[in-house]
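Asker: okay, structure incoming, though there's no sequence with it:
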């Protein structure tokens, strides 16, 4: 057996350190902390305004002397030999590319990214335009840690729209909302009242998966909220169903927990002034953890069925 050497120990220590850093990056850590406070917004602004450092040219090295090539005078009408016409490559250093950052999310102050999102979302006139805008939007840091944008699934012309909180691992991999176990449960819940994905429209408040399936931060929700609100306006459903506390609190403004808020219709005003109803109910992921609460969700879906039947009769 080969004895452990210092180089082997250094290699193992480096591998352990890289694994430790990879774990924290996957968990969503994006900044190191020390005992001295830092103004991250000021640092980002200073880095954006500072000119890129110029690379010093490498010292010029004289090429080794070469034996002179035999020369002859070109014949009349003959070009000079190729050796005398070739241009030497430039010795200037290649242009330095700017460092890759988190786009506009790195230097944005609280509220600036949300205001920018609201102004840009209001200009979109179709769901396709809104999705294209989100694919290029860099105001939310979640865009850079997620694999895919999870915009929507189902029929945008449907009379009912379901809105959850944020994508999970399966949704992030596939690029559609409610694709995992909670999505399978939602499909069965909809089927119980005669709905499926061809007769419902499904989305999330936050269209990118937070690292490690953590809850979205209030700032992330405030940045993404203008997009889902514009999405609701463009889809123009008759009834909105808020799945879980984050979606209910974000879209209805209530501060109640979901067990208190569920089973009630809230007024939801669209951008054109029209008012629709928003039903709060339990998230399928919560029902997978607490199966006994499915009876409450069944009551909520019966209310949804009655509301859909009533609005259809009133047309």
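Answerer: Okay, I see it. Remember, predicted model here, so these are calculated numbers, not experimental data.

Asker: going forward, measure contacts between C-alpha atoms and count neighbours the same way
Answerer: Fine.

Asker: now residue 154: phi and psi?
Answerer: phi 100, psi -160 (degrees, to the nearest 10).

Asker: okay, residue 92: pLDDT?
Answerer: pLDDT for residue 92: 62.

Asker: tell me which residues in the helix or strand harbouring residue 301 are buried?
Answerer: Element membership of residue 301 [criterion: DSSP states H and E] is helix 294-313. Across helix 294-313, burial judged by 16 or more other Cα atoms under 10 Å covers 294, 297, 298, 300, 301, 303, 304, 305, 307, 308.

Asker: could you do stretch 272-279 as well?
Answerer: Buried residues in stretch 272-279, counting neighbours by 16+ other Cα under 10 Å, are found at 276, 277, 278, 279.

Asker: among the residues you listed, name the ones in strands.
Answerer: 276, 277, 278, 279 (DSSP state E).

Asker: and these, which two are the farthest apart?
Answerer: Greatest spatial distance among these (Cα to Cα): 276 and 279, at 10.1 Å.

Asker: so for these two, which residues contact both of them?
Answerer: 239, 240 (Cα atoms under 8 Å, 6 or more residues apart in numbering).

Asker: residue 240: which of the buried residues of stretch 272-279 is nearest?
Answerer: residue 278 (4.4 Å).

Asker: and the closest one, what are its bridge partners?
Answerer: Assessed by DSSP bridges, residue 278 has beta-bridge partners residue 240, residue 266.

Asker: any idea how far it is from residue 187?
Answerer: 19 Å (Cα to Cα, to the nearest Å).

Asker: could you do residue 147 as well?
Answerer: Residue 147 is 24 Å from residue 187, by Cα to Cα.

Asker: can you report how many residues neighbour residue 35?
Answerer: As a burial measure, residue 35 scores 5 neighbours (other Cα atoms under 10 Å).

Asker: Three-state assignment for it, please.
Answerer: coil (DSSP: H, G, I helix; E, B strand; the rest coil).

Asker: quick one, phi/psi of it?
Answerer: Per-residue torsions, residue 35: phi -80, psi -20 (degrees, to the nearest 10).

Asker: list the contacts for residue 245?
Answerer: Residues near residue 245 by Cα under 8 Å, 6+ apart: 257, 258, 282, 283.

Asker: where does this protein have its least confident helix or strand?
Answerer: Every helix and strand of the chain was ranked by mean pLDDT, DSSP states H and E. The lowest is helix 104-107, at a mean of 56.

Asker: what mean pLDDT does the helix or strand just after it have?
Answerer: Per DSSP H and E, the first helix or strand lying C-terminal to helix 104-107 is helix 112-122. On average, the pLDDT along helix 112-122 is 92.

Asker: what sits up against helix 112-122?
Answerer: 104, 105, 130, 133, 139, 140, 222, 223, 224, 226, 227, 230.

Asker: what do you get for stretch 157-175?
Answerer: With Cα under 8 Å, 6+ apart as the test, stretch 157-175 has contacts from 146-151, 177-180, 198-210, 213, 216, 232, 235-244, 246-247, 283, 308.

Asker: now that stretch: buried residues?
Answerer: Neighbour-count burial for stretch 157-175 flags 158-173, 175 (criterion: 16+ other Cα under 10 Å).

Asker: now stretch 250-257
Answerer: Buried residues in stretch 250-257, defined by neighbour count with 16+ other Cα under 10 Å: 250, 251, 252.
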